[in-house]
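Engineer: What follows is a predicted protein model with its sequence.
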Amino acid sequence: MERRQFLRMSAGTSLATGLGLATVGLDSCAPESSEANPPNPMSTPPDPKREADLDAAADELFSHLSNQSTSVEPIQRHEYQARVARLAGLLKESPYDAMVAEGGATMRYLTGMTWGHSERLFALIITADGEQFWLCPHFEADRARLKIEANNGNGDLVGPGGQIVTWHENEYPFAPLAAAMGERNVDRIAVEPSLRHRFAHGFAEEMGAYRVGIGLDLLVELRGRKDVHELQLLRRVNELTQQGIAAAAEHIKPGMTGADISRLMRQAQSKLGLTGIWDLSLIGEASAYPHGGSAGHKLRSGEVLLVDTGGTLHGYQSDNTRSWVPDGAIPDKVNLVWNIVRDAQKAAFDAIRPGDQCHVVDRAARELIVAKGFGPGHEFFSHRLGHGIGTEGHEDPYFDGGSKVQMASGMTFSNEPGIYILGEFGIRIEDVVVVTDEGSDHFGEWQTSPRFPGPE
């Protein structure tokens, strides 16, 4: 589900109901902000002191949790170098002689280097000979060099290294890159799929359209299959998110809003050492919209709570969804739907086999849901089954009904079937799975009951 920007909840809501902070005085009924319900620019901004009080209270709730970020090592420089060499090998087997990536996940994956987007192109280029070099605005070259040629103080290079090719603003980046490619006998270039169109178009105009192509297949092969270290990182970050969900669930009470619950989810995962934490907590009828409906509703006894949340550990992402009834009796229909969704998740998991195409996994979950009376097609299970996950929360390949990508050992996906009944509730359960040589594995623990988000 595409939700990262949508999910960063407004900080101006209260935990007073759940944490007994009535003296803080925030109105827990204030509507949450979202793309569909943007904040009112004329409204009173959040009070920093009250926000600090709320954060401190939530922090105290999770004082038993400790930072686990050192439980697995981050990616090391020699691993980045091996990735560059691997891409060079893939390029030799492809129609392309080089790949171009601007600041983002692929640049970070290959070098550990980060660089923000602007109207001025900063890019990494990898050739089939294994050379890496950089395309940089001339006036930014000195700043770029601080990162690219960074050392540890003892003269040892810790940055990614590589020549910097600069371009002046009266010439644009296209001719300098074409000249650099000519010097290296590069004929055809692959651009990463996320390279902005204005730059891809500029390269095609400068070099000839037949010499510029999209490197999607290269990226699926390069980043789609995770190595042992990457799988350790993905396993750990998803385990920690699940631990955070379970810890936060212990403090969820009737009267809380989705924003109150989101604060708990973010705080618990932060205490465990995750960064970049996002959360979508949907109550009752709002859970029938996969990305959320009306805001501001307070949790009541017997209502469904759907929590979709995750964070980052050393550059790798988690993404887990749990649906449960935190208080009161579980309605019969909720229990029925929850078990159908859980069975669909299991059917999808069992359908994962290396060599099979991704669409068969989506089909396994969807056919079970339809057979149980929630169909046809996408009527109640309205989205694809899952997405790839790694350094990005959503990346190729995908579990959808049209994907002909062949699964291979090391590929990681979300497995997140759902049933959404407008006007009533929605149920989604999401775990991250990995294709193995024999079939599949999953990270963390399955949810086993609609009573609690963790194993009972």
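Structural biologist: Arrived safely.
Engineer: quick one: contacts of stretch 441-455?
Structural biologist: Under the contact criterion CB atoms under 8 Å, 6 or more residues apart in numbering, stretch 441-455 has outside partners 234-235, 238-239, 241-242, 245-246, 249, 307, 320, 322-325, 330, 334-335, 338-339, 342, 349, 415, 427, 429, 431-434, 456. For the C-beta atoms, the positions are set from N, CA and C on the backbone; glycine is no exception.
Engineer: filter those to the buried ones?
Structural biologist: Among the contacts of stretch 441-455, those classed as buried by neighbour count (16 or more other CB atoms under 10 Å) are 234-235, 238-239, 241-242, 245-246, 249, 307, 320, 322-325, 334, 338, 342, 349, 415, 427, 429, 431-434.
Engineer: Among the residues you listed, which ones are in strands?
Structural biologist: Secondary structure assignment (DSSP state E) places Val307, Asn320, Arg322, Ser323, Trp324, Asn415, Ile427, Asp431, Val432, Val433, Val434 from the buried ones among the contacts of stretch 441-455 within strands.
Engineer: Identify the farthest-apart pair in the residues you listed.
Structural biologist: Spatial extent of these (CB to CB) is set by the pair Trp324 and Val434 at 25.0 Å.
Engineer: what helices or strands is the longest helix belonging to the chain leaning on?
Structural biologist: The helix of greatest length in the chain, counted in residues with DSSP state H as the criterion, is given as helix 228-249. Under the contact definition 3 or more CB pairs under 8 Å, 6 or more residues apart in numbering; DSSP states H and E, helix 228-249 sits against helix 258-271, strand 305-313, strand 316-317, strand 320-324, strand 431-435.
Engineer: can you tell me which helix or strand Leu87 belongs to?
Structural biologist: With elements delineated by DSSP states H and E, Leu87 resides in helix 77-92, which encompasses its position.
Engineer: Relative to the whole chain's centre, how far out is the longest helix of the chain?
Structural biologist: With CA atoms, centre = their mean, to the nearest Å as the basis, helix 228-249 stands 13 Å off its chain's centre.
Engineer: Just the helices from the protein, written as ranges.
Structural biologist: Counting by DSSP H, one finds helices in the chain at the ranges 16-19, 48-61, 77-92, 105-111, 141-148, 174-183, 197-207, 216-223, 228-249, 258-271, 332-351, 359-371.
Engineer: Ser69: which of those is closest?
Structural biologist: helix 228-249 (8.7 Å).
Engineer: Output the below-cut-off pLDDT ranges for the stretch 151-300 of the chain.
Structural biologist: In the predicted model of the stretch 151-300 of the chain, residues 294-295 satisfy pLDDT under 70.
Engineer: how close does the spatially most central residue of the chain sit to Asp308?
Structural biologist: Nearest to the geometric centre of the chain sits Gly393, at 1.5 Å (CA atoms, centre = their mean). For Gly393, the distance to Asp308 under the criterion CB to CB, to the nearest Å works out to 11 Å.
Engineer: where do the contact lists of these two overlap?
Structural biologist: With CB under 8 Å, 6+ apart applied, the overlap between the contact sets of Gly393 and Asp308 consists of Asp319.
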